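A.B. asks: quick one, fold the following:
(one chain, ligands or ions: 1)
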Amino acid sequence: MHALFLLVFALLCGAAQAQQTLAPGVVLVPGGFEAGRQPDGNSLLLQAEGGGWLLIDSGRHRAHTEAALAVAGGTVRAVLNTHWHLDHLGGNAWLRAQRPGVQVWASAAVRQALAPDGWLDRYRRQLVEALPSAAPAQAAVMRVDLELLGQPDALRPDHEVSASALTLAGRPLQVGVETAVSGGDLWVLDRASGTLAAGDLVTLPVPFLDTACPPAWREALARLSAQPFQRLVPGHGPVMSRADFERWRGGFEALLDCAGQGLHPAACAAVWRTHAAPWLDEAGQARAGSMVGYYFKTLLQAPPEQRERFCRRP
Ligand SMILES: [Zn+2]
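C.D. replies: Residues are numbered from 1 along each chain as shown. A predicted model of the protein is given here:
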């Protein structure tokens, strides 16, 4: 029974990590969102001038980061993390152990999240407290994050990004610094290929509202829409055309409007599912419904004083 579980698990992981070439020198390593464990975000590899690669987001689980390093032929010269959530940042630790010279760029919010009493530091303490009473499967999931959080120096960036134009590994990039999802969310437009890495400003099966400021998110999406991109790589989910992105954005706005009108979460989940239908299989539909319900309770229809609590960040 146990061996069978592991085999199925391995097959799922393998399927989730098939790489995809989007343009010459532009490769997506898709993240996974399998039952029974936490997700990995999408990773985007951009071929550097003069050899090697720039990696945008390093995943959480070692298998994902290993896949990205393999696609890069073992030569990742630089890493840019879109934000501090561990599914986009955790892989920094393993990558740095393999490639000690690798240089990491991220927003100042990563340092703040890892600082004593920052979000990740509080999360680490919650895990330590909850671990002894957790069921075995849950404890295994928790240990993945605890191991990462035990190496804060390996997660932190070497360089903090605030500029709007940046050249990394010889690739001219347009970078936006938003606050909507995590307090410090970078989006990155690779000018040469017209590929926009949106981080968790765009996600499927639903927008991830765990630490979000919804009004700021609306504004950030308008700025994304104004960028001259040909394709958009979301933080989670498949690559989008411009038309796909505008469809997704319409769903996001409809979801927030529905919540604001005080309508029932199930009705609003149905509105979202209609917009997101092209991307949701049956399992995705079900997952979207339960996640919308959760976010309505914790944020979108929480007591008024709680709804914008992530809009007041330092
Ligand atoms: Zn994510």
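A.B. asks: tell me the residues on the stretch 1-150 of the chain that lie near the ion, please.
C.D. replies: Proximity of the stretch 1-150 of the chain to the ion (C-beta under 5 Å from the ion) is limited to residues 41, 85, 87. All C-beta atoms are positioned from the backbone trio N, CA, C, and that covers glycine.
A.B. asks: okay, residue 49: pLDDT?
C.D. replies: pLDDT, residue 49: 88.
A.B. asks: in CSV, list the residues of the stretch 1-150 of the chain next to the ion along with neighbour count, secondary structure and pLDDT.
C.D. replies: Shown next, in CSV, are these (neighbours: other C-beta atoms under 10 Å; DSSP: H, G, I helix; E, B strand; the rest coil; pLDDT from 0 to 100):
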residue, neighbour count, secondary structure, pLDDT
41, 35, coil, 97
85, 27, coil, 95
87, 26, helix, 96
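A.B. asks: turn the residues you listed into JSON lines, including distance to residue 288.
C.D. replies: Below are those laid out as JSON lines (distance: C-beta to C-beta, whole Å):
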{"residue": "41", "distance to residue 288": "18"}
{"residue": "85", "distance to residue 288": "19"}
{"residue": "87", "distance to residue 288": "18"}
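A.B. asks: wait, residue 301 touches residue 265, no?
C.D. replies: Yes - the pair residue 301 / residue 265 is scored as a contact, 6.9 Å apart, by C-beta atoms under 8 Å.
A.B. asks: from residue 247, how far out is the closest residue to residue 190 other than its chain neighbours?
C.D. replies: Leaving aside its sequence neighbours, residue 190 sits nearest to residue 46 (C-beta to C-beta, 6 or more residues apart in numbering; 5.5 Å). According to C-beta to C-beta, to the nearest Å, residue 46 and residue 247 sit 26 Å apart.
A.B. asks: who has more neighbours out of the two?
C.D. replies: Per other C-beta atoms under 10 Å, whichever of residue 46 and residue 247 has more neighbours is residue 46, with 26 against 17.
A.B. asks: returning to that earlier point: that's a strand at the residue nearest to residue 190, yeah?
C.D. replies: Yes - with DSSP: H, G, I helix; E, B strand; the rest coil as the criterion, residue 46 is part of a strand.
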